[in-house]
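Asks: Structural data only, the sequence is not supplied:
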C-alpha cells in the first residue's frame with residue numbers, strides 16, 4: 001500500500017520525483033509513485049516562459065527519442081494536457097520486492113516469502129531462520145523502462161540439481177552471477193532482457209552497439225539510474241513578456257538595449273512610440289488634423305516642429321537605426337526568449353554595480369577603500385574579459401521538473417519520459433517560483449570577437465568598436481546558433497563553451513559566499529554573452545551570501561578564480577584530454593548542459609576535447625591569457 005512522506009520542495013525536485021528510488025529509514029528501498037500538487041498563487045508563474053524552457057530542453061532530444069512527450073511549443077497541443085503546481089506530499093511504495101537472506105544468501109520474491117507463511121520476513125528455506133533484506137539491483141534501459149531483477153526460478157544447478165539460488169556479488173555488476181545455495185555451483189550469469197522500444201529500434205537501424213537494445217543490471221544506488229530533468233527560467237511577468245514580443249521593431253529595440261546603445265527601459269519607450277508608430281489610428285488622425293490646422297495658421301509654431309520631429313524621428317529611432325545599419329538583412333525575426341529575459345532583467349531588477357559599491361563606501365567616509373575596490377574590480381574584470389559584473393537582489397527564478405531519463409542524461413543515448421499522468425490524463429509539472437540573490441556576468445564583445453579571430457575559429461578582421469562587435473557576433477555566432485537540433489555551428493559552440501566554462505569556474509569557487517557550489521545554480525544567456533549564478537534557495541528568507549561576496553570580496557574573488565581555474569587534480573592527464581573532467585569543471589547537479597560544452601583550454605589554451613565541434617584540435621590563445629600576451633590589459 002502506498003505511503004506518504006514530507007520533504008523540502010527542492011529535495012523533491014532532485015531526489016523524490018516519480019519513479020525515483022530512494023532509501024527510507026523505516027521501509028528500506030522505495031520507489032516514488034505520486035506527488036501531491038498545491039496550486040500556485042494567481043499570476044505567480046509565467047507559463048509562456050515555462051513552456052518555452054521545456055520546449056528548449058526537450059528539443060535536445062531527436063524526434064525518435066521524445067515521442068512520449070507532447071509538443072509544448074504548440075499552444076493548441078498543450079491546452080488541458082498539463083497540471084502545474086508546487087510539490088507537497090510524496091507517495092511511495094517499497095521497491096524492488098526481490099529479497100535475499102542475510103544468513104544463507106537465498107534470493108526470492110517477497111510475495112513468495114509471504115505465501116509460504118514466513119513471519120517477520122524470515123528465510124523460507126527449511127532449517128534457515130535468517131532475516132530477508134531487499135536485493136539492491138534492478139534492470140533498466142535507456143528508454144526509461146525499469147523492472148526487478150530476473151530471478152532464476154526453478155533453474156537447476158548443473159552440479160547438484162538444486163533449484164535454490166543466491167547472488168554472487170564481487171562488487172562489480174559485470175562479474176555477478178547466480179550460484180547454488182547448497183554447493184556454490186554456477187547456475188547462470190545475470191540475464192540481459194531485450195527491450196522492444198523506440199530506442200532499441202533506433203539502435204538497430206543506426207548500427208549502434210548491440211547491447212544498447214537490452215536492459216542491463218544496475219545497483220539501485222547507481223547515480224545515473226534515474227536522472228531528473230529540471231528546467232530553470234527567469235520568471236518575469238507574462239504581460240511584460242507579451243508586450244516586449246508585440247512591440248513594433250521589437251528585435252531592434254531589444255538588441256539596442258542589450259548592446260548598451262539604448263539607455264531607457266524598453267517598455268517605457270514602447271509606450272511613447274505607440275503615439276507615433278502604429279498606435280491608435282483615430283487618435284493619430286485627430287492629432288494630425290489639429291497640427292495641420294495649426295501649421296496653416298502658424299507654420300513656425302514650436303508645437304508643429306515638435307510634432308514633425310516626433311513623426312520623423314520617434315523615441316528610440318536613433319538606437320534602432322544604429323542596429324539596422326549594422327545588421328541590415330540579419331534583422332526581422334521574432335526576438336528570442338533569452339534576449340527578452342536579458343532586457344527584462346536590465347529594466348526591472350535592482351542591480352548593484354562595482355561603481356555603486358564604491359559610491360556607498362565613499363558616502364560612509366571610506367573614500368580610499370571605495371577607490372581601491374573599484375580599481376581592483378575593474379582590473380580583474382579587464383583581465384577576465386568581462387565588461388560588467390552586477391549583483392541582483394531579487395532575481396526572479398523558477399524551476400520546473402518535467403520528466404526523467406534512465407542510465408544517462410545524454411540526449412543522444414536516452415529517451416525523455418514525462419511523469420505519469422493523473423486521473424484526468426494531465427501530465428504533472430512540479431514547479432517552484434521564487435526570488436533569490438544572484439551575480440550577473442557579461443563578457444566583453446570586442447574581446448570575444450578578437451579571441452575568435454586569434455584562434456582562427458572565425459576569419460577576421462575582428463571589430464574594435466563595441467556596437468560593431470555585437471553586430472559581428474550576432475551575425476557570426478548568436479543569431480542562428482543551430483545547424484540541426486542539438487548541434488551548434490562552430491562559432492556558436494565556441495562561444496557557448498567559453499561562456500559555460502567561465503560559469504563553472506566561477507561557481508566552483510563560491511566558498512566565500514557561505515554557499516556550497518552545489519547550492520548555486522547557473523543560468524546562461526548566450527545571445528547576450530552573459531550568465532547568472534544564483535542561490536538555489538526556494539524560501540522567503542535570503543542569506544545574502546552572494547551580495548556580501550560581491551560587496552566585500554569581488555576584486556579578490558575574480559582574481560583568484562582566474563588564477564585557480566587552470567588547476568585540476570587530474571592534470572596533466574585532464575589537460576591533455578580536453579581540460580574538462582570531474583576534478584575541475586564537471587558538476588554533479590544543476591548543469592544546464594549536462595556537463596557538455598566545457599573546457600579549460602578555451603580560457604588558458606591547450607588541447608580541446610575530441611567531441612569539440614568547432615574545427616580545432618587545440619586553442620592557441622586562451623581567453624584569459626591572450627590579453628596578457630598582447631599587453632592589452
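Replies: Thanks, I have it. As the structure is a prediction and not an experimental result, all values here were calculated from the model.

Asks: Could you list the low-pLDDT ranges of the stretch 501-633 of the chain?
Replies: Within the stretch 501-633 of the chain, the set of residues satisfying pLDDT under 70 comprises 538-543, 627-633.

Asks: same thing with the chain?
Replies: Under the criterion of pLDDT under 70, the regions of the chain flagged as low confidence span 1-8, 115-120, 274-295, 298, 301, 303-313, 483-486, 538-543, 627-633.

Asks: Could you chop it up by domain?
Replies: Residue ranges for the structural domains of the chain, counted by automatic domain parsing, are given in the record as 3-94, 98-225, 238-330.

Asks: between these, which gets nearest to residue 522?
Replies: With Cβ to Cβ as the criterion, residue 522 lies closest to domain 3-94 of these, at 14.1 Å. Placement of C-beta: from N, CA and C, glycine included.

Asks: for the closest one, the distance to its chain's centre please.
Replies: Mean-position distance between domain 3-94 and its chain equals 16 Å (Cα atoms, centre = their mean, to the nearest Å).

Asks: Which neighbouring elements make contact with the strand or helix carrying residue 53?
Replies: Residue 53 is part of helix 47-58 when elements are defined by DSSP states H and E. With contacts defined as 3 or more Cβ pairs under 8 Å, 6 or more residues apart in numbering; DSSP states H and E, the packing partners of helix 47-58 are strand 227-234, helix 238-246, helix 337-348, strand 386-405, strand 427-443.

Asks: can I get the ones you listed in a markdown table with mean neighbour count?
Replies: As requested, these are arranged in a markdown table below (neighbours: other Cβ atoms under 10 Å):
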| stretch | mean neighbour count |
| --- | --- |
| strand 227-234 | 23 |
| helix 238-246 | 15 |
| helix 337-348 | 22 |
| strand 386-405 | 22 |
| strand 427-443 | 23 |
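
Asks: Can you tell me which of the ones you listed is nearest to residue 171?
Replies: Of all these, the one in closest proximity to residue 171, counting by Cβ to Cβ, is strand 227-234 (23.8 Å).

Asks: hang on, the earlier thing: show the subsequent helix or strand relative to the helix holding residue 53.
Replies: Using DSSP H and E, the helix or strand that follows helix 47-58 towards the C-terminus is helix 75-78.

Asks: If you count neighbours, what's buried in that following helix?
Replies: The neighbour-count criterion (16 or more other Cβ atoms under 10 Å) identifies residue 78 as the buried residues of helix 75-78.

Asks: which stretch among the domains of the chain comes nearest residue 429?
Replies: Closest to residue 429 of those is domain 3-94 (Cβ to Cβ; 4.8 Å).

Asks: With distance to residue 172 added, can I get the helices and strands packed on helix 47-58 in JSON lines?
Replies: Output for the helices and strands packed on helix 47-58, formatted as JSON lines (distance: least, Cβ to Cβ, whole Å):
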{"stretch": "strand 227-234", "distance to residue 172": "22"}
{"stretch": "helix 238-246", "distance to residue 172": "52"}
{"stretch": "helix 337-348", "distance to residue 172": "44"}
{"stretch": "strand 386-405", "distance to residue 172": "24"}
{"stretch": "strand 427-443", "distance to residue 172": "36"}
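
Asks: Now do the helix holding residue 53 against strand 427-443, angle only.
Replies: Computed with axes from the mean of the first three to the mean of the last three Cα atoms, to 10 degrees, the direction of helix 47-58 lies at 80 degrees from that of strand 427-443.

Asks: Please enumerate residues in contact with helix 47-58?
Replies: With contacts defined as Cβ atoms under 8 Å, 6 or more residues apart in numbering, helix 47-58 is touched by 66, 69, 72-73, 78, 84, 229, 231-236, 238, 241-242, 337, 341, 398, 400, 402-403, 416, 429, 431.

Asks: looking at it, residue 199 is touching residue 412, isn't it?
Replies: No - counting by Cβ atoms under 8 Å, residue 199 does not reach residue 412; the two are 10.9 Å apart.

Asks: ok, back up a step: for the helices and strands packed on helix 47-58, which one sits closest to residue 34?
Replies: With Cβ to Cβ as the criterion, residue 34 lies closest to strand 427-443 of the helices and strands packed on helix 47-58, at 9.0 Å.

Asks: which helices and strands sit right next to that closest one?
Replies: helix 9-15, strand 28-38, helix 47-58, strand 82-94, strand 386-405, helix 490-507, strand 530-535, helix 545-564.

Asks: what sits up against the shortest one?
Replies: Just to be clear, that refers to strand 530-535. Contacts of strand 530-535 from elsewhere in the structure, counted by Cβ under 8 Å, 6+ apart, are 342, 345, 392, 395, 397, 436-443, 499-500, 502-503, 506-507, 510, 515, 519-525, 542-543, 545-546.

Asks: Given it, what are its sheet partners and their directions?
Replies: Strand 530-535 sits in its sheet next to strand 427-443 (antiparallel), strand 520-525 (antiparallel), going by DSSP bridges.

Asks: The second one now?
Replies: Sheet partners assigned to strand 28-38 using DSSP bridges are listed as strand 21-24 (antiparallel), strand 82-94 (antiparallel).

Asks: Would you tell me which one of those is buried the most?
Replies: Highest mean neighbour count of the strands paired with strand 28-38: strand 82-94, a mean of 18 (counted as mean count of other Cβ atoms under 10 Å).

Asks: could you give the angle of that strand to strand 386-405?
Replies: Using the same axes, to 10 degrees, strand 82-94 lies at 60 degrees relative to strand 386-405.

Asks: Report the distance from whichever helix or strand comes after strand 82-94 to the chain centre.
Replies: For strand 82-94, the following helix or strand on the C-terminal side (DSSP H and E) is strand 98-101. Put simply, strand 98-101 sits 39 Å off its chain's centre (Cα atoms, centre = their mean).

Asks: Give me the residues contacting strand 98-101.
Replies: Counting contacts by Cβ under 8 Å, 6+ apart, the residues touching strand 98-101 from outside are 106-110, 113, 121, 123, 125, 128, 130-135, 137, 148-149, 151, 166-167.

Asks: rerun at 10 Å
Replies: 28, 106-113, 121-125, 128-138, 148-151, 164, 166-167, 169, 181 (Cβ atoms under 10 Å, 6 or more residues apart in numbering).

Asks: What strands line up against it, and which way round?
Replies: According to DSSP bridges, strand 98-101 has the following sheet partners: strand 107-109 (antiparallel), strand 132-134 (antiparallel).
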